[in-house]
Structures are given as C-alpha cells and as structure tokens.
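coords please:
(one chain, ligands or ions: 1)
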Amino acid sequence: MAAPSDNWIKTPSTNSSGRIGEGVIIDIGTGDGRYVYQSARQNPNKFYIGIDPNARPLEKISEKIHRKPAKGGAPNVLFIQAAVEDLPSELDGVANELHVHFPWGSLLRAVATGDVVVLNNLRRICSTGALLEVVIGLDPVRDRSEMERLGLTQLSVEFVDRELIPKYAAAGFQTIERGVFTASEWPELNTSWAKRLEGNERRAITYLIARAS
Ligand SMILES: C[S@@+](CC[C@H](N)C(=O)[O-])C[C@H]1O[C@@H](n2cnc3c(N)ncnc32)[C@H](O)[C@@H]1O
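As a prediction, the model looks like this:
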C-alpha cells in the first residue's frame, strides 16, 4: 500500500497510515474536475479519471491538463463523459480508489438509497480491495425539494447502518467506516462543492468508506 494521500475525507481511519489505495483513482460526478486535477498534480505517480455526464464544466480543465507539467499540465488525468448508470466496460476492474463527492440528481439518489444497478456498476469498475468513498452533504431546509423529488430522508448514521450498509455489502462493498460530520466539523476536501457548501450551519456531511471484496 502507498502512503496515505491527502485526498480523502479526514476520518480516524483515513488519518491512520497504510490504508489508502494506490494506482488508479476514479472520481464519479467529478463536476469541474478540481479534485481530480489538484490530486493528480500532488500525486504524479497515480492516475486519475474524472467522470461526469456534463462535459461543459470540464472544458477549461480539459485543456489545462494537456499543457507541460511546469505550466500546470497533468499527464496523469483523463476525463470521461459518462453517467454512473452507463459506465464504459473499458473501466471494468480498473479503480484502486473510487470517490463520489457531493453527488446530486440521479447520482445522489443512487448512492443515498443504495440503488442496486448503480452500486453494481461502481463495484464493476473496482479492482478487488479497492476503496470507495462516498461523501454526501445535505441541508434539510435548502435541499428539501430535491430530497423530496428523489425520495430521500436525512442521512443519519442509523439510516446508513440499517439501509445502506447491507445494500453496499450485497453489491460487494464492505463498509470500513461511516459517520456524520456537523457543519462545525466540516472536513477539508479539495472539491469545488466542498468549498461552495462550507459555512452553512444546517448542512451535515454523511460519509461512507468501504472496501471492494
Ligand atoms: C454538486 S456536483 C459535485 C461535483 C464535484 N464532485 C464536487 O464535489 O465539486 C454533482 C455532480 O454530479 C454529477 N452527476 C449527476 N448525476 C450523475 C450521474 N448519473 N452520473 C454521474 N454524475 C452525475 C453532476 O453532473 C455534477 O457534476
């Protein structure tokens, strides 16, 4: 195992040494690609793949990665336009780490309800032993209409234990750690939405870290 990278949500187990995967890191719902880009620049020996069905926010960064490294390039990055429901078969078994940060829409619904098809898709692109990190930030007031539309309730630890962990296990993900951070405990995460949502006192972060068995 490689030394722990800085690119995980800081929890008791990700802060301890020797647990973080190496190799190919896939970020699903990558948004503007900030997490992938920054992580790739910090870890030139790892390969990062950012995936999102919406290519527009990735236009700028897709150009930037092709520059020389001294000018901000990142040859260890690939962006793919795809939805989690329809991941290319070329990715099967490729990921050593898989991240889903601040999902929205159908991606949020899938990881927050334990959708069988999507969890199986996530497992399909993981190598055995790969680590999955899901980080969800919801504000029960501001996000109420989206939560109602998606059929979501607030994601308490009890909900994760009762509803999600068994579904993730059925798809081949053994949960190592889960929890909820309140707004005052907001963890450092290098994604655009982590920065955008920080500072809202009602918004909690629910996270789950699992290993592909
Ligand atoms: C709130 S943004 C978060 C972006 C980024 N992960 C971050 O933390 O800054 C949610 C992202 O999920 C993506 N998304 C929504 N549905 C998706 C799906 N079915 N498959 C993959 N990505 C999806 C959206 O296009 C959007 O970029």
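
any idea how far the spatially most central residue of the chain lies from residue 173?
Centrality entry for the chain: nearest residue to the mean C-alpha point is residue 100, 1.8 Å, by C-alpha atoms, centre = their mean. Plainly put, residue 100 is 12 Å away from residue 173 if you go by C-beta to C-beta, to the nearest Å. In this view, the C-beta of every residue, glycine as well, is placed from N, C-alpha and C.

repeat for residue 74
For residue 74, the distance to residue 173 equals 28 Å [C-beta to C-beta].

These two: who's more crowded?
Higher neighbour count among residue 74 and residue 173: residue 173, with 27 against 21, using other C-beta atoms under 10 Å.

before we move on, the earlier item: in contact with the residue nearest to the centre of the chain: list those residues for me.
Shown in contact with residue 100 (C-beta atoms under 8 Å, 6 or more residues apart in numbering): 27-29, 107, 111, 122, 132-135.

Of those, which fall within the contact range of the ligand?
Among these, the ones lying near the ligand by C-beta under 6 Å from any ligand atom are 28-29, 107.

How about the residues of the protein by the ligand?
Checking the chain against the ligand by C-beta under 6 Å from any ligand atom, the hits are 28-31, 52-54, 83-85, 101-107, 191-194.

Filter those down to the buried ones, ChimeraX style.
Filtering those down to the buried ones (16 or more other C-beta atoms under 10 Å) takes a single ChimeraX command:
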select :28,29,30,31,52,83,84,101,102,103,106,107,191,192,193,194
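
What about the residues of the chain next to the ligand, which are in helices?
Residues of the residues of the chain next to the ligand located in helices (DSSP state H): 105-107, 192-194.

Taking the residues you listed, tell me the two that lie furthest apart.
Spanning the widest gap among those are 106 and 194, at 20.7 Å by C-beta to C-beta.

packing partners for the strand of greatest length in the chain?
If you go by DSSP state E, the chain has its longest strand at strand 126-138. If contacts are counted by 3 or more C-beta pairs under 8 Å, 6 or more residues apart in numbering; DSSP states H and E, strand 126-138 sits against strand 95-101, helix 105-113, helix 192-197, strand 204-212.
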